[in-house]
Structure formats: C-alpha cells, structure tokens
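Asks: Give me a model of this one.
(chains A and B)
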Amino acid sequence: MKSIPFTARNASQISCHSCHLLCRINFSKIGKSLVCPRCGATLHQRKPNSLKRTWALVLAAAIFYIPANLLPVTIVTSLGKDQADTIMSGVIYFIGSGMWPIALVIFVASIMVPMLKLIILIVLLITVQRKSAWRPKDRTRLYRITEAVGRWSMVDIYVVTILVALVNLGNLATIKAGPGAGFFAAVVVITIFAAMSFDPRLIWDAKETLDE
Amino acid sequence: MDALIACHECDLIHRVKPLPKKGVANCTRCGSVLYRHKPNSLERTLALSLAGLVLFGLANWFPFLALKMGSQVHHTNLITGIQVLYDQGMQALAVLVLITTVLAPLAQLLGMLYVLLPLKRDRVPPKFAPVFRLVLGLETWSMMEVFMLGILVSVVKLAKMAQIVPGIAIFSFFALIVVLAAATVSLDPHEIWHRWEKLR
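Replies: Here you go, the predicted model:
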C-alpha cells in the first residue's frame, strides 16, 4: 500500500476519546491543552506518553506478580491449626478433590491471564518501538483481547472476599485474607491501567512511516 | 450522527452510514467495532437502569448467603466480606472490592438515570458532559459479572465442609448482573451525545 491512509492524524484531526467527535486541530492553540468542543474532554492525538507509561506499569505488575504467587492468599484457621494457601496450592487442591472445572477457572483467571497480558503488552511495546510492520491487524486484535479479559482476573479476589465473610465461625473455623491477596489485586489493577495506557494506534503509525 | 468517525484503535477515518437493524459497522483496516445500530437505545437503557436500581437495593439490603455448619448458622450480606477484609487490616483490598462491586455499579446506574431521564423529556441536566463521560468510564471498574463467578467458585469450594444457604439478595444480584449488562449494551453513546448536542 503506497497511498497515505486517510487517518485522523494525516487529516490534522483528533478523534475525541470520549465522544468520538472528529475535531479539527486549531493550530493557533497548539501548546495549550486542546479540549473537545462537544463534550469537554481533553484531546490527545495519541494517548500521552503511552509507551513509557505502559512500560512502567507492566514492569511494576511483573514485580508484584512474584509475591502475588508466592505469598498465601488465604489463611484458614480451624480448631487451632493454621493452613496457608497460595493461588497455585488452591488450584492443586481443586484438582486433587476432582473439581477440575473450578481448578481450570482459577488457573486461567489468576495465573494464565495476568501472565499472558504482561507478555502480550511487552510484545506490543517492543514491536511498536522497533516500528515493526508485522501483522498489525492481528496485533490490534491481541490488544483488544488483552483489554477485554483483564477484569476476569479479579475472580480470585472475590472468592477471598466471600470466603472471609462466610467462614467466620470463631474457634471452629475462620478464613483470613493473606498478604498474597493484596499483591495479586495490585497486579490486576496495574495491568488494567497498563492496557488502558497503551495506544493501539501506535501499531498502525509505525506501519505508515514504513509505507511512506 | 456525525458525518465522519475515526477508528479509535487505528485512527482511520470512515464515513458514517445508516445501518440496518442491529447492524454493526467495523473498521475496514483493523476490524474493530466503529458503531452499532441500537434500536430505542435511550428508552431501553432508561428502563433497564430503573430496574437495576431497584434490584441493587434488594441485593444490598437482604441476606446474601448463609453458612450452616452443624447447629451454627452464619448469615452474611453482600457487604460483609468487605467489612471483614477491612477489619483484617486489608483496607486497600476492601476499598477495591467496594468500588468494583458496589460503588461503580451504583454510580453507573444513578449516572445513567441522571443523564437519560431529562434527555427523554428533551431537557438537559446540569453538568451533562462530565457526568456522561464518568458513566462511560465506570464500565471498566464495574465488575459484578466477575463477582458472580467468584460466588460460584466459593460455593463449590465450601460445599464439602458446610451447607450454603442462598438468600433473597443473591437472586436479586443475579438479576442485577443481567439487567446492568443489558443496560450497558443497549446504551448508544453516539446517539446520546448527538441528542444532547441538538438540545444544547
């Protein structure tokens, strides 16, 4: 494709991220922050500092991912005995007691999804930085999936919330949230912010500079 | 409708054309959804939000789940887990759960009613634009459907050691998830912005 694609940027327009109005850039106001004339949201041609922010958040999430998996998420106290469970030991418990669909749900939502999210975001960041023209449509699709599935990782946090509420029977049995739960929640929230701060239009920008 | 729209994932500009019933317009370059035809968007979203608000009240007022172990019965509400987490010194976690399962959905429902109810009668509420932008932004943080999956997992996990008794609130909660999802799906932001623009 040799012709210049008709994008908002090439037409000196900015698409409002909130109400999707195409706004002509008023060049006399450049340098000041531009505001959507319809809904009042701040206009950005691309998300500001997208790569730097996403890298910072991805690295932070990757660091928190380690204690999230090593520290216990729940501590069960039953008749004076303590039993600490990590995310993985919970999965193994479910497999051991034959509840493999539940084991699969927890494994996918709590271990696979956050890791895949981080890997995909890193791949997207590196390919954009190297101005790669490799399969932009598929990379955009990967981004879309990453953004959509992230919320489901919260399921383990909700399981902990429900368990601590229900199993609160004093000496008989009590479940407490462990420090791993805090780190895990941080991973989920940070990866959601990381996906939000990445701008998929950068994938296509790199391709255009190559085409020109 | 606006005459032109840029794809928010690859920036390519498209001419906006009327869609057939329930049709979807995809970007010709990257395939992402540009806009959809949503019949009676305003009325449907309004009705569903009202229903959602009633269900929200029920879900938070009545007992949610109870645990029966021997002769002991331990009742909980939707909010109990958040209180327990807070008391156990996990304040940040408690706040996160509170926001994603209680505050964000509630603000979403109230915000939609605040914006759509006057608009239905051709009036514009004060601060329309910031409120509507907030409503759209809250979607990411409203995670009731994930919480529902959490309920299923917990119930299965506890089924061996104790008897779990569902309360009225849990049925309202399930209905609320369906209603809130339907309200979010039936909302057409393009149409709402456009209506508002004409009234302004």
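Asks: Can you verify A:Phe184 is assigned to a strand?
Replies: No: with DSSP: H, G, I helix; E, B strand; the rest coil as the criterion, A:Phe184 is helix rather than part of a strand.
Asks: Can the host helix or strand of A:Val187 be said to contact chain B?
Replies: Using DSSP states H and E, A:Val187 falls within helix A:179-197. Yes: using CB under 8 Å from any CB of the partner chain, helix A:179-197 reaches chain B at A:Ala181, A:Gly182, A:Ala185, A:Val189, A:Ile192, A:Met196. (C-beta placed from N, C-alpha, C; glycine too.)
Asks: list the contacts for the last one?
Replies: Going by CB atoms under 8 Å, 6 or more residues apart in numbering or on different chains, A:Met196 touches A:Glu147, B:Thr140.
Asks: for stretch A:95-109, what is the average pLDDT?
Replies: When pLDDT is averaged over stretch A:95-109, the result is 92.
Asks: how long is it from one end to the other?
Replies: By CA to CA, to the nearest Å, the extent of stretch A:95-109 from end to end equals 16 Å.
Asks: Show me the strands in the chain, by range?
Replies: Unless you meant another one, I'm taking chain A. A:13-15, A:22-24, A:74-78, A:81-85, A:173-177 (DSSP state E).
Asks: Wait, chain B was what I had in mind.
Replies: Using DSSP E, strands in chain B cover B:4-6, B:13-15, B:24-26, B:33-36, B:65-69, B:72-76, B:163-166.
Asks: So what are the sheet partners of the last one and their directions?
Replies: With DSSP bridges as the test, strand B:163-166 is paired with strand B:65-69 (antiparallel).
Asks: just the angle between the strand it pairs with and strand B:72-76, please?
Replies: Orientation check (axes from the mean of the first three to the mean of the last three CA atoms, to 10 degrees): strand B:65-69 against strand B:72-76 gives 170 degrees.
Asks: List the contacts of strand B:65-69.
Replies: For strand B:65-69, using CB under 8 Å, 6+ apart, the contacting residues are A:162, A:165-167, A:169, A:172-173, B:73-76, B:151, B:155, B:158, B:161-167, B:170.
Asks: Turn the strands of chain A into JSON lines, including mean neighbour count, mean pLDDT and distance to A:Trp55.
Replies: What follows is the strands of chain A, written out as JSON lines (neighbours: other CB atoms under 10 Å in any protein chain shown; pLDDT from 0 to 100; distance: least, CB to CB, whole Å):
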{"stretch": "strand A:13-15", "mean neighbour count": "22", "mean pLDDT": "92", "distance to A:Trp55": "24"}
{"stretch": "strand A:22-24", "mean neighbour count": "15", "mean pLDDT": "90", "distance to A:Trp55": "29"}
{"stretch": "strand A:74-78", "mean neighbour count": "18", "mean pLDDT": "92", "distance to A:Trp55": "33"}
{"stretch": "strand A:81-85", "mean neighbour count": "13", "mean pLDDT": "92", "distance to A:Trp55": "33"}
{"stretch": "strand A:173-177", "mean neighbour count": "21", "mean pLDDT": "93", "distance to A:Trp55": "30"}
